[in-house]
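Undergrad: Fold the following.
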Amino acid sequence: IFSRSSEKLLPRGVPVSQQALYDSLQDFTCLDGTLRLPFVFVNDDYCDCQDGSDEPGTSACPNGRFYCQNVGYIPYELPSSRVNDGVCDCCDASDEYMYGNCTNVCSLLGAEAKKAAEKEAEIASQGNELRLQMIAAGKQIKLQKQERLSALEAEKIEAARLKDEASRLKQIAENTEYSALEAHRLRKEEQKEAEEKLEKEKLEQEAKEMFGQLDSNKDNILQTDELMKEVFDQNKDGDVSETELKLLFNANTDISWDTFLEAWPQVKSYFKEQNIPLDNKDDQVDEASVIDYRELSSTESPPYFDYDGDRKNDNTREEEWEKDEVLKPDEEEEEEEEEAEQEHEEEDEDDDKREEELEQSKPEEQYDENTLKIIDEANKARSRLESAERSLQDVERELSRVKDSLEKDYGPEDEFIPLDGQYYSYSDREYTYKLCPFDQVVQMGKSGGSETRLGVWAGWLEDSQYKTMLYDKGQTCWNGPQRSTKVTLNCGLETAVIGASEPNKCEYELILKTPAACKFPSQTQPVDTHDEF
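TA: Down below sits the predicted model:
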């Protein structure tokens with residue numbers, strides 16, 4: 001019924017902390033205060049108290065609690081229903097006192113626990129040394145980032161100034177370029193106008209000579225009989241009708257000088273074809289040089305010509321006739337469709353080729369040396385501005401990264417700073433996990449495929465004493481929430497991920513060991529009263 005603790009006897013199953021409540025010299029009051037009964041009723045294997053407090057050492061009360069003293073090891077409390085059930089729960093065998101089939105192994109377990117505790121303490125001690133080094137490194141990194149922040153802010157001011165200066169110089173260069181190009185355009189237009197004027201004067205002179213040559217009576221009006229029939233005979237019938245003259249000169253049969261001059265650019269080619277001289281108005285037209293179109297029109301067509309004018313071989317023609325006879329209607333139709341499709345494709349290819357050749361054949365704009373120099377300076381000014389803008393953007397991006405880094409919580413002593421920018425991998429049978437502290441967590445299938453983001457840095461889990469990292473807002477699960485990950489930190493002599501799991505759908509857990517999490521037990525835990533540890 002009783003167990004010895006210090007100098008006093010306690011009812012079996014009662015913790016030392018409740019010794020004053022179980023005084024064998026007084027009546028016992030149920031711990032819930034509902035009943036007072038003689039002390040002999042304690043551990044009499046009959047449940048009197050509703051809270052089961054009168055039977056801590058028996059299994060009489062279903063809600064009772066049995067306390068294992070486990071001297072030499074760790075005290076343990078279990079439901080009193082497990083007392084004398086034939087299973088050894090307490091290392092001191094106190095829960096199976098009726099059968100005596102359990103052995104007190106607390107000393108052995110205590111020795112093993114002490115050895116493990118010493119090893120753990122050694123790891124904690126060594127890890128703490130490494131942690132102190134990480135703290136020093138973290139503070140140095142933080143100082144460097146603060147210095148870099150100050151330098152970047154100064155660089156940003158200078159980069160912005162250089163960009164503004166480059167923009168100003170670009171504007172000046174482009175204004176100069178615009179003026180030079182405008183001057184070049186005006187010179188080109190003037191040159192074109194001068195050339196057109198010369199061409200117009202040349203045409204007018206040629207027309208004047210020809211008009212004078214044709215105006216035999218010198219009345220400044222060309223009559224029908226003064227026009228050469230063979231020259232302006234459009235339908236080649238040997239006569240010039242009023243309709244044909246109207247077609248050529250857009251006028252009546254009598255043609256004035258103004259009408260002739262206006263039509264001259266279009267009718268000039270007829271004179272060249274007929275070899276009519278344009279530089280001697282007194283010369284007569286050589287009738288032998290005029291093509292007799294009536295004779296040409298009466299000539300029978302050549303027997304058989306292909307598309308380029310060459311006469312085909314008779315055998316070839318016969319072969320084509322034979323082919324036409326052999327082909328069936330369906331085959332003929334199919335062949336025609338194929339030929340049409342092929343011709344269409346060839347036409348498209350020819351069109352593309354012509355467009356490409358036309359683009360390549362376009363002459364490059366010719367500028368004088370001074371204009372070319374101005375254009376080159378403008379191009380350089382534009383390039384300098386682009387370079388200055390890129391430099392400013394680079395500085396701004398780095399400045400943003402440094403600011404974000406300095407705003408992160410790296411622990412009370414900045415011990416976790418060295419982990420930032422690193423990554424640690426862990427693989428199980430199906431997946432490889434990659435943890436980038438203070439950035440993100442990703443998962444990759446071993447069979448391949450893209451990465452799946454399991455969360456981005458969100459901070460430390462509240463009330464975790466810098467023992468649990470939280471990464472949220474990962475990729476959304478199929479018909480589920482966004483993925484998230486908790487990373488539990490344990491003390492270790494090196495930093496590595498040692499475990500990964502998915503306890504709930506789309507909720508992941510990683511275990512990271514690192515010296516940054518190492519502290520002496522006195523820094524994190526209350527002192528254990530068991531002297532064996």
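Undergrad: does residue 66 sit in a helix, a strand or a coil?
TA: Following DSSP: H, G, I helix; E, B strand; the rest coil, the label given to residue 66 is strand.
Undergrad: Point to the helix or strand of the chain where mean pLDDT is at its lowest.
TA: Within the chain, no helix or strand scores below helix 293-298, which has a mean of 40 by mean pLDDT, DSSP states H and E.
Undergrad: which residues in the stretch 51-200 of the chain form helices?
TA: Using DSSP state H, counting those that start in this stretch, the helices of the stretch 51-200 of the chain run over residues 106-214.
Undergrad: what's the burial count for residue 429?
TA: By other Cβ atoms under 10 Å, 5 other residues sit near residue 429. Every C-beta, even on glycine, is put in place using the N, C-alpha and C of the backbone.
Undergrad: Sorry, slip of the keys, the one I care about is residue 395.
TA: The number of residues near residue 395, taken as other Cβ under 10 Å, comes to 20.
Undergrad: what's the answer for residue 518, then?
TA: Neighbour number of residue 518 under other Cβ under 10 Å is 26.
Undergrad: my guess is it contacts residue 132, does it?
TA: No. Using Cβ atoms under 8 Å as the test, residue 518 is too far from residue 132 to be in contact (9.5 Å).
Undergrad: And the pLDDT at residue 237?
TA: For residue 237, the model assigns a pLDDT of 58.
Undergrad: Likewise for residue 166?
TA: Reported pLDDT for residue 166: 97.
Undergrad: Next, the contact list for it, please.
TA: With contact taken as Cβ atoms under 8 Å, 6 or more residues apart in numbering, residue 166 is in contact with 381, 384, 385, 387, 388.
Undergrad: Give me the subset of those that lies in helices.
TA: 381, 384, 385, 387, 388 (DSSP state H).
Undergrad: Based on its surroundings, how many neighbours for the third one?
TA: Going back to what we said before, that points to residue 385. As a burial measure, residue 385 scores 21 neighbours (other Cβ under 10 Å).
Undergrad: Could you do the second one as well?
TA: Residue 384 is surrounded by 18 other residues when neighbours are defined as other Cβ under 10 Å.
Undergrad: ok, and the closest non-adjacent residue to it?
TA: For residue 384, ignoring the flanking residues on the chain, the nearest one in space by Cβ to Cβ, 6 or more residues apart in numbering is residue 166 at 4.8 Å.
Undergrad: what about residue 66, distance to residue 75?
TA: Noted for residue 66: a distance of 11 Å to residue 75, by Cβ to Cβ, to the nearest Å.
Undergrad: Neighbour count for those two, which is higher?
TA: Neighbour count, other Cβ under 10 Å: between residue 66 and residue 75, residue 66 has more, with 26 against 18.
Undergrad: For stretch 212-225, buried residues please.
TA: 213, 214, 215, 222 (16 or more other Cβ atoms under 10 Å).
Undergrad: Report the residue ranges of every domain in this structure.
TA: For the chain, whose domains are defined here by automatic domain parsing, the residue ranges read 2-104, 121-214+371-407, 215-298, 314-361, 419-524.
Undergrad: Now tabulate the ones you listed in JSON lines and tack on distance to residue 114.
TA: Formatted as JSON lines, the domains of the chain follow (distance: least, Cβ to Cβ, whole Å):
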{"stretch": "domain 2-104", "distance to residue 114": "10"}
{"stretch": "domain 121-214+371-407", "distance to residue 114": "10"}
{"stretch": "domain 215-298", "distance to residue 114": "117"}
{"stretch": "domain 314-361", "distance to residue 114": "88"}
{"stretch": "domain 419-524", "distance to residue 114": "13"}
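Undergrad: Among the ones you listed, which comes closest to residue 111?
TA: Among these, domain 2-104 comes nearest to residue 111, with 8.4 Å by Cβ to Cβ.
Undergrad: check contacts around residue 395.
TA: Counting by Cβ under 8 Å, 6+ apart, residue 395 has contacts 152, 155, 156, 159.
Undergrad: Show the buried residues in those residues.
TA: Counted by 16+ other Cβ under 10 Å, those give 152, 155, 156, 159 as buried.
Undergrad: Need the max-distance pair from those.
TA: Farthest pair in these (Cβ to Cβ) is 152 and 159. Separation: 9.6 Å.
Undergrad: Is residue 446 in contact with residue 432, as I believe?
TA: Yes. Counting by Cβ under 8 Å, residue 446 does reach residue 432; the two are 6.3 Å apart.
Undergrad: Those two - which one has more neighbours?
TA: Neighbour comparison, residue 446 and residue 432: the larger count goes to residue 432, with 15 against 11 (by other Cβ under 10 Å).
Undergrad: need the contact list for the more buried one.
TA: Counting by Cβ under 8 Å, 6+ apart, residue 432 touches 425, 426, 443, 444, 445, 446.
Undergrad: in the helix or strand containing the third one, what's buried?
TA: Secondary structure assignment for residue 443, by DSSP states H and E: strand 440-445. By neighbour count on 16+ other Cβ under 10 Å, the buried set for strand 440-445 is 440, 441, 442, 443, 444.
Undergrad: can you check stretch 161-168 too?
TA: Buried, per 16+ other Cβ under 10 Å, within stretch 161-168: 162, 163, 166.
Undergrad: now the farthest one out in this protein, which residue is it?
TA: Centroid-distance maximum for the chain: residue 217 at 86.4 Å, with Cα atoms, centre = their mean.
Undergrad: Show me what the strand holding residue 443 packs onto, helices and strands only.
TA: strand 431-436, strand 452-460, strand 507-514 (3 or more Cβ pairs under 8 Å, 6 or more residues apart in numbering; DSSP states H and E).
Undergrad: and among those, the most buried is which?
TA: strand 507-514 (a mean of 20; mean count of other Cβ atoms under 10 Å).
Undergrad: Neighbouring strands - and their directions - for it?
TA: strand 484-491 (parallel), strand 496-504 (antiparallel) (DSSP bridges).
Undergrad: Just give me the neighbour total for the residue lying closest to residue 467 once chain neighbours are set aside.
TA: The shortest distance from residue 467 to any non-neighbouring residue, by Cβ to Cβ, 6+ apart, is to residue 489 (5.4 Å). Residues near residue 489, counting by other Cβ under 10 Å, number 25.
Undergrad: Understood, closing this out.
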